[in-house]
Every structure is written in structure tokens, then in C-alpha cells.
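Novice: Have a look at this prediction, sequence included:
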Amino acid sequence: MVMELELAVERLAVGGNGIAREPDGRVVFVEGALPGETVRAEIVSRGKDFWRARTLEVVEAAATRVAPPCPHVRAGCGGCGWQYVATGAQPTLKAAMVRDALARQGRLADAVVTVGSGVDGFGYRTTLRAGVAPDGRLGLRRQASHEIVRLSDCPVAHPALSALLGTLRAPGADGVVMRVSEASGERTLLVVPGAATTRLEGVPADVKVGADAFLFEVVDGQRLRVSAGSFFQSSARSAELLVDAVRRAAGDTSGMASWADLYSGIGLFAATLFGDVAVVAVELSASSVADAQLNLADRQAAMIEGDVETWTPAPVDLVVADPSRSGLGRGGVGAVTGTGAGTVVLVSCDAAALARDTALLAAAGYRHAGSEVLDLFPQTPHVEVVTRFERIGG
């Protein structure tokens, strides 16, 4: 039996859903609702401790609510989960999510969380992973579904990628990862394997295909190779904002003798930060390590291919760590603190993971000294947070 409730939304949970309470006081996570709104919602799941619901009707709208400008979102595309939120309001809401997570899970009632810079709201993505429909056309998944909503273009994608959506076909593939260089216009395409009969159709002659394909991007004045199989930020502009935030979070490094770049990827931070100081970079992805070896050729860099958790920490003055969405966890925190670094700069792409890591670092003797929330993924609730931690007692 379908159950509908009228709910008053109090705040946002990590991930962007609204938080409300049903008449008996149970917490309800409401998809598609904003703080301060009253919505009519359908309960979609009921657990012991909380329920989940989706918005059917906005009874009283928040001032930050807008009509999604993209027709694909209105048709059900789930790629931009926050197009109903005014672009200018999104950074503040993201900072509020981070602040709430640090208070509830990180046990920091008065954490300093500031709103940093962001990229333009549309046309910013230079890397895009698309799904493939049964007929080979490209698109993105419908909200909370595996169904592919076919796209002829995408307003958040760089125009050179948006144009590919309407022409490429990849029957048999699970997906494709498309990338374009803002510096050179080069484009790469990586097929995510599906059926053995996967084939590509409509690929422009300039697009380089395969895991060995690469392009060059320029970030903070540094020319970086990025292979199709390597991770890179949503755009070069995003990467530059991240580099700037990490540089500022590191503080005064004038007396620094060495530092570590953990989960270093293609060497983004090691290539752009503290160029005259020796750095050890640790990364598990073979593709990213190959890129980093080229990108760090003129640096005092020791490149280690391996898992940070099994790496034997070396004494350094500073650690910059950029783990995956799950965060450092106990193993990563052990590696970070094992260096004895006086300062740790942590890049987090999930507020809950940041909160968990904050608690683990506090237990290891490091205090939270401020977080800056960057808006590198407008139109989505995705956060990017740069946080400084300082070892207690120096």
C-alpha cells in the first residue's frame, strides 16, 4: 500500500536528501526536498531507524528552488541531481552538509567550515562517463535506476564532449569515458567493457581511443599527461582551484625538507606544489603512475606504485592525501600519521568520509584546523573539501 505524508524539511543529509520527521518522530530522508520546504512525499522504504521518501509535490517551496533548465533532467536523467537548486545557493548548502557531518560524525560542534571557489555551473565537465543503452546510444542513468536516458547533448559537459553524445554509438559496451583537454582540444575515449562484440560507431577522426590514449592538460602552469585510463578532476579549472586550496591549507612551508603526496594519481599536487622540496608520491593505479613518472620528471620525486595502506611511511614534514570517496579509513590514517608530519592536508569528496577521518585523526593526535568546501561539481550534491589538520603538540 502506498503511503504518502506531508513533511517539513529541516536540513540536508550527506548526499543531498532532505531530512524531515514523520508524526511519530522517526527520521525520513526525502529525495528532491530542500531545507525549509513542506512537501508531499511517498514513502519508498521503511527501516527500523529511518524511512526514505521521494517528493511528489512541493507544497511550500524554498527560495532556493528553481525549475531545472535541462530538458533531459525533466525527462528523468539522474546525472544532475541538484538542477532544482539555484546554482548560487549550492555552495552554501554543500558547506552546511559538511558542517553537519563534522558535528554529528566527527564530534566537532564548532568546526570551522568556509565556502571556497567553484567552477561555472554549466559547460564545465571535461571528463564524462556515459552509459550505453541497448541500441548503442549514449546517455546517463535515470535517477535511482539502471535505465539509460539517451542524450543528444549535455549542458554541464564541455561542448566538445556534449557534441559526441549525439554521434557516438557503442553497442555492447557498459559505458564510455570521454575526456577533452581545455588546453589543446585533444579528445580521448575509453570503452568500459561489456559484451565481447562491443564496437564503436561514429567516432570522429581526432578522438584517440583506448586505455593507452592520452592527452595533455595544463594546470597551474604545468603541462600534465593524462591517460584515458587515469583519474583526473572534472576539469582543468577544477584542478587549479584544488591546487590553490591545498597550497593555502599547507600554510608556511618555507622550512619544509620533504613531503608526501598520498593517493597521488597522475601527480597533480606533486607537479604543481613546492617544486624545490623532495616529495614521495604513492599511487596504486598503474596508468596514473605511468603518467606521474612523466609529469614529475623534473621534480625531486620518488614515485611508489602501491597501496598507501601497505606503504612503509617515511618521515616527512607535510602530507597531502587525496583518497577515493571512502576516505582514508584506519589504514590510510595509520600511513598518514606514521610519517610524523606536523601538518596534514586532506582532500575529501564525501562529507561522511571526511567526518570519519576527522575522528580517526583526532584519536591519533591531530586536530581539525579548518575545512574549505569547493564547488567543483555544480548541479550535483557532490562536495570537494580541503581540510588542514595539525599535530597536537607540534
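Specialist: It's in. Numbering: from 1, shown residues only.
Novice: Return the residues in contact with the closest residue to Gly78 other than its chain neighbours.
Specialist: Closest residue to Gly78 apart from its sequence neighbours, by C-beta to C-beta, 6 or more residues apart in numbering: Gln143 at 3.6 Å. Heads up, the C-betas are built off the backbone N, CA and C, glycines and all. Applying C-beta atoms under 8 Å, 6 or more residues apart in numbering to Gln143 gives the contacts Glu31, Gly76, Cys77, Gly78, Gly81.
Novice: Starting from Gly81, give me the distance back to Gln143.
Specialist: Taken as C-beta to C-beta, to the nearest Å, the spacing of Gln143 relative to Gly81 amounts to 7 Å.
Novice: Next one: the residue nearest to Gly78 from Pro68, what distance?
Specialist: Using C-beta to C-beta, we find Gln143 at a distance of 12 Å from Pro68.
Novice: The stretch 151-300 of the chain: strands as residue ranges?
Specialist: Assigned by DSSP state E, counting those that start in this stretch, the stretch 151-300 of the chain shows strands spanning 175-180, 187-192, 207-209, 214-219, 222-227, 258-262, 278-283.
Novice: tell me the most buried of those strands?
Specialist: strand 258-262 (a mean of 25; mean count of other C-beta atoms under 10 Å).
Novice: Which secondary structure elements does it sit against?
Specialist: Secondary-structure packing of strand 258-262 (3 or more C-beta pairs under 8 Å, 6 or more residues apart in numbering; DSSP states H and E): strand 278-283, strand 318-321, helix 329-338.
Novice: how much does that strand deviate in direction from helix 329-338?
Specialist: Interaxial angle of strand 258-262 relative to helix 329-338 (axes from the mean of the first three to the mean of the last three C-alpha atoms, to 10 degrees): 170 degrees.
Novice: Quick one: mean pLDDT for strand 258-262?
Specialist: For strand 258-262, mean pLDDT is 98.
Novice: picking that back up, any chance of the strands of the stretch 151-300 of the chain in a markdown table, with distance to Gly329 too?
Specialist: Shown next, in a markdown table, are these (distance: least, C-beta to C-beta, whole Å):
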| stretch | distance to Gly329 |
| --- | --- |
| strand 175-180 | 26 |
| strand 187-192 | 26 |
| strand 207-209 | 35 |
| strand 214-219 | 28 |
| strand 222-227 | 27 |
| strand 258-262 | 13 |
| strand 278-283 | 15 |
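Novice: out of the ones you listed, nearest to Arg104?
Specialist: Smallest distance to Arg104 across the strands of the stretch 151-300 of the chain (C-beta to C-beta): 26.6 Å, for strand 258-262.
Novice: How far does the closest one sit from its chain's centre?
Specialist: 21 Å (C-alpha atoms, centre = their mean, to the nearest Å).
Novice: What of stretch 114-124?
Specialist: Distance, stretch centre to chain centre, for stretch 114-124: 13 Å (C-alpha atoms, centre = their mean).
Novice: How about the contacts made by Ala130?
Specialist: Residues in contact with Ala130 (C-beta under 8 Å, 6+ apart) are Leu138, Gly139, Leu140, Leu151, Leu165, Gly175, Val176, Val177, Met178.
Novice: Out of the residues you listed, which two sit at the greatest distance?
Specialist: For the contacts of Ala130, with distances taken as C-beta to C-beta, the pair at the greatest spread is Leu151 and Val177 (15.1 Å).
Novice: For Leu93, which non-adjacent residue is closest in space?
Specialist: In space, Leu93 is closest to Leu12, 6.1 Å off (C-beta to C-beta, 6+ apart).
Novice: mind listing the helices for the stretch 151-300 of the chain?
Specialist: Applying DSSP state H, counting those that start in this stretch to the stretch 151-300 of the chain gives helices spanning 159-165, 236-250, 268-272, 286-295.
Novice: Quick check: the residue nearest to Leu93 touching Gly36?
Specialist: No - counting by C-beta atoms under 8 Å, Leu12 stays clear of Gly36, with 10.7 Å between them.
Novice: how much space between the most centrally placed residue in the chain and Val98?
Specialist: A centroid search over the chain (C-alpha atoms, centre = their mean) returns Cys349, at 4.5 Å, as the residue closest to the centre. Distance of Cys349 to Val98, computed by C-beta to C-beta: 11 Å.
Novice: okay, and the common contacts of these two?
Specialist: Common contacts of Cys349 and Val98 (C-beta under 8 Å, 6+ apart): Val383, Val385.
Novice: Hmm, Arg237 is touching Tyr124, no?
Specialist: Yes - in this structure Arg237 lies within contact range of Tyr124 using C-beta under 8 Å: 6.9 Å.
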